[in-house]
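Visitor: From the sequence below, what's the structure:
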Amino acid sequence: MSRAEDVITELAALEDPRARAVNERHGDPHGVNLTKLRAVAKSLGTDRELAGELWESGDVAAQLVALLISRPKAFTEDDVDAMLRTTRSEKAHDWLLNYLVKKSPHAAALRSRWFDDADPRVRAAGWTLTTHAVTTADLDRDALLDTIAREMREAEPKLQWAMNETLATIGIEDEGRRARAVAIGEELQVLADYPVSKGCTSPYAPAWIAEIVRRREDGAALADAP
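Guide: Numbers count the residues shown, from 1 in each chain. Model prediction:
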């Protein structure tokens with residue numbers, strides 16, 4: 001039995017039907033507690049070859065472990081592109097972006113590669129990277145707002161969420177474009193009715209922008225107080 005098969009067998013022994021039921025409701029078809037899954041990954045150390053074998057198994061829990069034992073620089077642009085297109089869960093999709101792509105030397109190239117992809121899940125990844133880059137890279141924010149105004153309302157849910165994050169980020173970080181970002185959000189009403197627990201910030205862009213700007217202004221006022 002290979003090391004990858006050993007890991008998959010170990011993960012299978014940790015399967016909890018109750019955890020699977022909860023995870024599947026969130027688009028993650030596996031039943032391994034994440035604390036235990038992280039412990040498995042920690043015991044393996046960093047291993048590019050094993051990570052590749054675990055990913056190629058198609059087992060969701062194994063793919064999550066693969067991401068945890070990987071170094072961003074160990075993967076080529078084509079490697080990461082192929083991985084994104086074969087993710088089998090929401091968490092694997094998100095972890096891939098957060099743990100590998102955002103720290104990868106290929107992040108900018110992948111953002112451009114995915115931004116207009118025909119697959120809405122791949123395109124969503126491009127927009128997630130755009131949110132990450134919009135305050136640091138020389139991006140055309142007006143063109144981004146044009147695209148959001150034209151396409152966000154009808155976008156697939158994951159893509160819509162990612163575009164909304166870019167809209168809110170521009171509104172928060174760019175005072176000169178804040179009014180336009182708020183106006184777009186108010187016009188589209190995307191996530192306006194999203195349920196939010198007490199004390200949490202709504203993902204509805206106008207509310208999100210207003211709340212974060214208020215917090216920053218309050219923080220600045222406190223810092224300036226005698």
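Visitor: What segments of this protein are helices?
Guide: Per DSSP state H, the chain carries helices over the ranges 3-13, 17-25, 34-44, 48-56, 60-68, 77-85, 90-95, 107-115, 120-133, 141-151, 157-173, 178-188, 205-224.
Visitor: For the ones you listed, which has the smallest mean pLDDT value?
Guide: Least confident of the helices of the chain, judged by mean pLDDT, is helix 205-224 with a mean of 85.
Visitor: How about residues contacting that helix?
Guide: For helix 205-224, contacts defined as C-beta atoms under 8 Å, 6 or more residues apart in numbering pick out 164, 167-168, 171-172, 178, 181-182, 184-186, 190-191, 201-202. For every residue, glycine as well, the C-beta is placed using N, CA and C.
Visitor: now do 7 Å
Guide: With C-beta atoms under 7 Å, 6 or more residues apart in numbering as the test, helix 205-224 has contacts from 164, 167-168, 171-172, 178, 181-182, 185-186, 201-202.
Visitor: Please identify the buried residues of stretch 54-62?
Guide: 54-55, 57, 59-62 (16 or more other C-beta atoms under 10 Å).
Visitor: Dump the C-alpha coordinates for that stretch into CSV.
Guide: Extracted C-alpha coordinates of stretch 54-62, given in CSV (Å, rounded to 0.1, in the frame of the first residue of the first chain):
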residue,chain,number,x,y,z
LEU,A,54,-3.6,12.7,-2.5
TRP,A,55,-5.0,15.4,-4.7
GLU,A,56,-5.3,13.0,-7.7
SER,A,57,-7.2,10.5,-5.6
GLY,A,58,-10.2,12.7,-5.8
ASP,A,59,-11.1,12.0,-2.1
VAL,A,60,-12.2,15.4,-0.6
ALA,A,61,-10.6,14.9,2.8
ALA,A,62,-7.4,13.8,1.1
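Visitor: re the thing from before, now render the buried residues of stretch 54-62 as JSON lines, adding distance to Pro105.
Guide: Output for those, formatted as JSON lines (distance: C-beta to C-beta, whole Å):
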{"residue": "Leu54", "distance to Pro105": "23"}
{"residue": "Trp55", "distance to Pro105": "20"}
{"residue": "Ser57", "distance to Pro105": "27"}
{"residue": "Asp59", "distance to Pro105": "28"}
{"residue": "Val60", "distance to Pro105": "27"}
{"residue": "Ala61", "distance to Pro105": "28"}
{"residue": "Ala62", "distance to Pro105": "26"}
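Visitor: Could you count how many residues lie near the closest residue to Ile184 other than its chain neighbours?
Guide: Excluding the flanking residues, the one nearest Ile184 by C-beta to C-beta, 6 or more residues apart in numbering is Ala149, at 4.9 Å. Residues lying near Ala149 (other C-beta atoms under 10 Å) number 17.
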